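J.: coords below, sequence missing:
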DNA sequence: CAGCTTGCTCGGGGATTCCCTGATGGCACG
DNA sequence: CGTGCCATCAGGGAATCCCCGAGCAAGCTG
């Protein structure tokens, strides 16, 4: 817990976590002329980051999502466990829809892509420092799909909205089975399987067939049944 | 462009190609104190890079391997076609296993991971500027392996048997893109994408389309999302 | 250099799947 | 006893998958 003193003299101290030294330098250079913000520490690994957070007081942690050993999401969770009120801004290489949602679920206060223009990065940092939530436009849009449609989405996994039969087919899709294969396995008409696919897509906010298969494969492989 | 006082020494002019602004800043900062080297231009896309190379004289191009639209390998090829003697140093955030060999075969003069420490990056830049070849230790080792083992195809990862173009399409498949989407992204005919899919399936020993997508999704997620 | 292989690019055409619009019956809930 | 959700399936047009094939460029080989 930290008193939000709006003194001009007090600098906001940031820990930057990224396994790419050059990228860390980029962030430093980005904030070079922001007098009220200072990169107070750097970390390459999740373990390193946790060690530094224990040792010093930071006002914000900026972390890459794909670290060397641990997943960036796991780091967010660990940080939340250690310092619940320390905000974390997550950066990601790709605009992967999955990670934005997972990061926020894990307790991150912002999500931003590394492709973002510098001023947007600074804006995101300031916004999170003020205690607000930051979502880039693209991530925001993806969130809309899952959040707006149902407020229960944030706690429940989307897949839990599927019916038994739909989940069964979803899992088969994730194992690489085709429509006709599934129909044969389940002794159903191909048309029925197609109908289920369609309903699954609707419930999951997916619009194309390849995206559906991708979601199913990742679901099956990651066993995220919580 | 800052006017430099030293005139006896010609500054080496570098074009940096990367779709992450922050990373470009990192490189700039890295070379800030190297007086004989100057980042003379930045580019976000392959098309942008080609335009700049046509317009100005550069001594070196530093390029990321995974750009927004075009593959970094393709950019290397295009650059070689345009300016055969302009050296290119390729940076990658992935490990070397797959792309190092492809990059060099495409005409790159060096290959380096983004995780590399700053001094190593500077060393690589200088080495390539001198006309030498630079390979990071890990990449070096892998190259030797691939030469020594010769025709050892079975132990290699299946994916390594794919051609550049095939790998590119395989990755897009793993990101949930459909055939026509890929054709549009790569400015190809749908028929061509279908042909590539077919060849990938043959090389990977896959017989059905859903299995192909599953393999691609799992490969992509295991490759870079960890 | 002529021949061979590999990679990249497409087309034809039939089989299959995708996707939208319904439609039917069952079951639960209020 | 309507209303909603679920599971099942059909029709039909668009898109795809997948088998055939072909042309062209580049690189290797004898």
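T.: Perfect, thanks for sending it. Remember, it's a predicted structure, so these values are computed and weren't measured experimentally.

J.: C-terminal to the one helix or strand in chain A whose mean pLDDT sits lowest, which secondary structure element comes first?
T.: Of all helical and strand segments in chain A, the minimum by mean pLDDT, DSSP states H and E falls on helix A:137-147, at a mean of 47. Going down the chain from helix A:137-147, the next helix or strand is helix A:164-174, by DSSP states H and E.

J.: Give me the buried stretch members for that next one, please.
T.: A:166-167, A:169-174 (16 or more other C-beta atoms under 10 Å in any protein chain shown). To be clear about C-beta, it is placed using only N, CA and C from the backbone, and glycine gets the same treatment.

J.: Can you lay out the residues you listed as TSV showing pLDDT and distance to residue B:71?
T.: Conversion of the buried residues of helix A:164-174 to TSV gives the following (pLDDT from 0 to 100; distance: C-beta to C-beta, whole Å):
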residue	pLDDT	distance to residue B:71
A:166	91	37
A:167	87	37
A:169	93	35
A:170	93	32
A:171	90	33
A:172	93	33
A:173	94	29
A:174	93	28
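
J.: does the residue of chain A most remote from its centre belong to a helix or a strand, and which?
T.: If you look at how far each residue of chain A sits from its centre, by C-alpha atoms, centre = their mean, the farthest one is residue A:187, at 38.7 Å. For residue A:187, there is no enclosing helix or strand under DSSP H and E.

J.: With residue A:15 instead?
T.: Using DSSP H and E, residue A:15 sits within strand A:12-17.

J.: Now do that strand: which elements does it pack against?
T.: helix A:21-30, strand A:37-43, helix A:46-55, strand A:60-64 (3 or more C-beta pairs under 8 Å, 6 or more residues apart in numbering or on different chains; DSSP states H and E).

J.: who's in contact with it?
T.: The contact list for strand A:12-17, computed with C-beta atoms under 8 Å, 6 or more residues apart in numbering or on different chains, reads A:24, A:27-28, A:31, A:36-44, A:46, A:48-49, A:52-53, A:56-64, A:67, A:72, A:75, A:125, A:129.

J.: Report the strands that pair with it, each with its relative direction.
T.: Strand A:12-17 sits in its sheet next to strand A:37-43 (parallel), strand A:60-64 (parallel), going by DSSP bridges.

J.: Can you check which of the ones you listed gets nearest to DNA strand C?
T.: strand A:60-64 (31.0 Å; C-beta to the nearest atom of the strand).

J.: Run the angle between that closest one and helix A:21-30 for me.
T.: If you take axes from the mean of the first three to the mean of the last three C-alpha atoms, to 10 degrees, strand A:60-64 sits at 140 degrees to helix A:21-30.

J.: How is chain A partitioned into domains?
T.: According to automatic domain parsing, chain A comprises the domains A:12-147, A:156-222.

J.: ok, residue A:192 touching residue A:183?
T.: Yes - with contacts counted by C-beta atoms under 8 Å, residue A:192 reaches residue A:183, the gap being 7.0 Å.

J.: Comparing the two, which shows the higher neighbour count?
T.: The neighbour comparison of residue A:192 against residue A:183 (other C-beta atoms under 10 Å in any protein chain shown) goes to residue A:183, with 19 against 14.
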